[in-house]
Every structure is written in structure tokens, then in C-alpha cells.
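J.: Just a sequence and a predicted model for now, questions to come.
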Amino acid sequence: MIPAFANTANYRQAQLDRNKQVIQEFFATTHRGDLEAIDRLVAADIVTHNFPGGKSPASRGEYKAFFHHWNSGVAEQECVILAMAAEGEHIAVRYAITGRHTGELVGVPATGRTIHFTGVAFYRMERGHIAETWLYPDTATLLGQLGVLPAAA
């Protein structure tokens, strides 16, 4: 049973604010290598969709492995939230990532090139944790910058 106070505007706003703080902390930590933050911020039974490489993580451990691989391939990272909107248990984020390609990434050996791309991520929150993630990075731009696809005009 949901407590009566859970239906008040103040309670709902506090939940939205807390969920947004979780996402802000997630972005601030995971792209800088603090993968222990995933234990605090992500549900143990995380569900993911559309991750690069064709295999979306199916557990918190695989989520950590995804970020470990990403961080090993991209140095000097800056990940910025450009916009965020929240409604109920869902949060939408538009982000930009800049870095230098210094290790294997999506099957491409290190090029030393600077990368910069944007993307959108959607999150479903549950009890203050990220319970589900849909990831939509601009992979065409990223692969063009890595020399795999023709560079976008």
C-alpha cells in the first residue's frame, strides 16, 4: 500500500529531485572511472537496451564491465549533461562526451584521435536506483571520428 503522503506534490517533487541527483552523480562518476558508484546508484537487476557493441549489460557486474571497457578506450573524458527532464519514474538525458581514443573501443584499436559526440539516454528509476537504461549515442558520428565510417559533413 502506498502511503497517503506519497501522493502529495511536495513528495513527488522531492522524488523527482532525488532521481535527478542520482543521474547527475552517475554521469559525474562513471565516466571518470569511479565504477564503485554503480553499486550505490544502479539496481542489482538492471535492465539495459541498445548499448554499443550489440550486447547490452544484463547485470550490475556487466554494467561495470561496460564502463571499464569504455573508460579504458577513452582518456581525458568529459561527459556533460546538456539537458535533463523527469516525469514520474522516468528521466531523459541529452549528453555530450569528449575524449581521446587511447585504447580499443567498439573493436577499433587506439587512434589517438579526439572524439566528440552526443547522445540521449532514458532511465527508469526504482527506489532511488537506476533500474532500466535505454542508450542512444550518436554512433555514426563516433565511428566517423574513429575512421571506421566516412566523417559526417
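T.: Cool, the structure landed. Numbering: from 1, shown residues only.
J.: and residue 127, what are its phi and psi?
T.: Dihedral pair for residue 127: phi 50, psi 40, per degrees, to the nearest 10.
J.: the strands in this protein, which residues?
T.: 42-49, 74-87, 90-101, 114-126, 129-137 (DSSP state E).
J.: the inter-axis angle of the longest one versus strand 90-101?
T.: Using axes from the mean of the first three to the mean of the last three C-alpha atoms, to 10 degrees, the direction of strand 74-87 lies 170 degrees away from that of strand 90-101.
J.: Could you do the shortest one as well?
T.: When the same axes, to 10 degrees is applied, the directions of strand 42-49 and strand 90-101 differ by 80 degrees.
J.: before we move on, what about the last one?
T.: Angle of strand 129-137 versus strand 90-101, following the same axes, to 10 degrees, is 60 degrees.
J.: Show me what strand 129-137 is packed against.
T.: Helices and strands touching strand 129-137, by 3 or more C-beta pairs under 8 Å, 6 or more residues apart in numbering; DSSP states H and E, are helix 9-30, strand 42-49, strand 114-126. The C-beta positions use only the backbone N, C-alpha and C, and glycine is treated the same way.
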